[in-house]
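S.K.: What follows is a predicted structure for the sequence shown.
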Amino acid sequence: MTIYGLGEVMLRYTPYNYTQLKDANSFDVQVGGAELNTLITLSHFGQRTDMLTVLPRHAIGTIALQKMTQANVATHNIKYTDGRLGTYYLEESFGFRSGKIIYDRSHSTFSEYREQILEGIQFESGDYFVFTGITLAVNPMVREQIVNILTQLKQRGVKIVFDINYRSNLWNKDIAKTTIESVLPHVDILLFGKMDATHLLNTNNEIDEMETCARTLQQKYNIPMLASSNRDIESSTLQGIMLNKGDYIIGQSYPYTVLNRIGAGDAFMAGIIHGLISNYEYEKIIDFATKCSVLQHTTREDALTCSEEDILGLSTHIGELKR
């Protein structure tokens with residue numbers, strides 16, 4: 001059983017010590033991307049993973065390739081072409097100063113690739129295929145072919161995991177809504193946020209509870225399982241929810257401290273997938289996934305690189321020292 005991820009791999013540049021971008025003269029560099037982040041975490045849990053992307057044929061592409069190799073994510077299906085790797089710049093939040101992201105990903109090798117990225121891959125029944133709305137936003141060919149791709153994968157018995165992950169600065173809202181609506185009926189496991197239901201898909205009102213949003217999406221698009229990690233900014237807590245067929249599960253609420261916000265949702269998705277593969281009880285799955293997200297807030301990297309034991313042994317209070 002293999003978990004495949006289809007998406008763009010990028011470099012993230014972050015000024016040190018919460019320096020503003022306008023004042024920066026040196027940067028920390030991390031390799032990431034929503035699907036890759038998810039696969040890296042799953043690989044650390046002992047799962048077999050395979051990244052499907054397009055890299056440039058030069059040293060910058062090698063940086064990304066080395067990161068995947070170090071994380072034991074398979075790279076033999078990666079395509080290579082001339083061009084550039086997408087990048088983005090993160091200005092970290094501090095106190096009341098909000099964080100900021102500037103993308104520089106136009107004309108990257110992944111976004112410009114117009115051939116069949118999945119050609120020749122031997123998917124098998126029981127495999128997982130992971131992708132996000134970001135992938136649909138940045139590559140027009142994938143966007144045009146995604147329904148056909150998902151139809152063929154489901155015919156082979158592959159489980160489809162999709163995180164809506166809508167980014168308004170990456171694509172037009174109307175195009176996003178139409179595309180995502182075409183994808184949802186083919187999805188087995190959906191990761192979503194409340195605003196996806198209320199502001200993008202317009203299936204619900206802002207006053208609706210999370211359970212109502214989940215049930216509306218499930219009924220309209222016939223999605224077997226939905227999950228979400230809900231962040232309460234005021235109380236600094238995370239609480240996962242899951243709707244499995246008709247059963248709505250609310251997980252434990254965990255306080256979190258922010259060192260880094262990048263990749264928290266990807267860690268949550270990895271936790272859901274790992275829990276399902278490991279045949280956890282559904283209550284344990286949502287708890288495990290929430291713990292993954294909580295711990296990702298405490299790292300500097302884009303992907304959570306903890307073991308399963310680290311997640312299960314999450315500290316019960318801040319500053320605990322395990323001896």
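M.R.: Okay, I see it. Because the structure is a prediction, the values reported are computed rather than measured. Numbers count the residues shown, from 1 in each chain.

S.K.: would you say residue 130 is within a strand?
M.R.: Yes: assessed by DSSP: H, G, I helix; E, B strand; the rest coil, residue 130 belongs to a strand.

S.K.: With residue 284 as the reference, measure out to it.
M.R.: 21 Å (CB to CB, to the nearest Å). For the C-beta atoms, the positions are set from N, CA and C on the backbone; glycine is no exception.

S.K.: More neighbours: these two, which one.
M.R.: Ranked by neighbour count (other CB atoms under 10 Å), residue 130 and residue 284 place residue 130 first, with 30 against 14.

S.K.: Kindly state the beta-bridge partners for that one.
M.R.: residue 5, residue 161 (DSSP bridges).

S.K.: quick one, what contacts it?
M.R.: 3-6, 35, 38-39, 161-163, 269, 273 (CB atoms under 8 Å, 6 or more residues apart in numbering).

S.K.: neighbour-wise, which of those residues leads?
M.R.: Neighbour-wise, the contacts of residue 130 (other CB under 10 Å) top out at residue 38, 34 neighbours.

S.K.: Which residues are in contact with it?
M.R.: 5, 130, 266-267, 269-270, 273, 303.

S.K.: Let's verify it: helix, strand, or coil?
M.R.: Assignment for residue 38 (three-state DSSP): helix.

S.K.: can you check residue 31 too?
M.R.: strand.

S.K.: Check it and give its pLDDT.
M.R.: With respect to pLDDT, residue 31 scores 97.

S.K.: how close does it sit to residue 196?
M.R.: Distance from residue 31 to residue 196, by CB to CB: 27 Å.

S.K.: So which of the contacts of residue 38 are in strands?
M.R.: Using DSSP state E, 5, 130 are the members of the contacts of residue 38 that sit in strands.

S.K.: I'd like the contacts of residue 38 laid out as a markdown table, including distance to residue 185 and pLDDT.
M.R.: A markdown table is the format used below for these (distance: CB to CB, whole Å; pLDDT from 0 to 100):
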| residue | distance to residue 185 | pLDDT |
| --- | --- | --- |
| 5 | 21 | 98 |
| 130 | 18 | 98 |
| 266 | 24 | 97 |
| 267 | 27 | 97 |
| 269 | 20 | 98 |
| 270 | 24 | 98 |
| 273 | 20 | 98 |
| 303 | 30 | 96 |
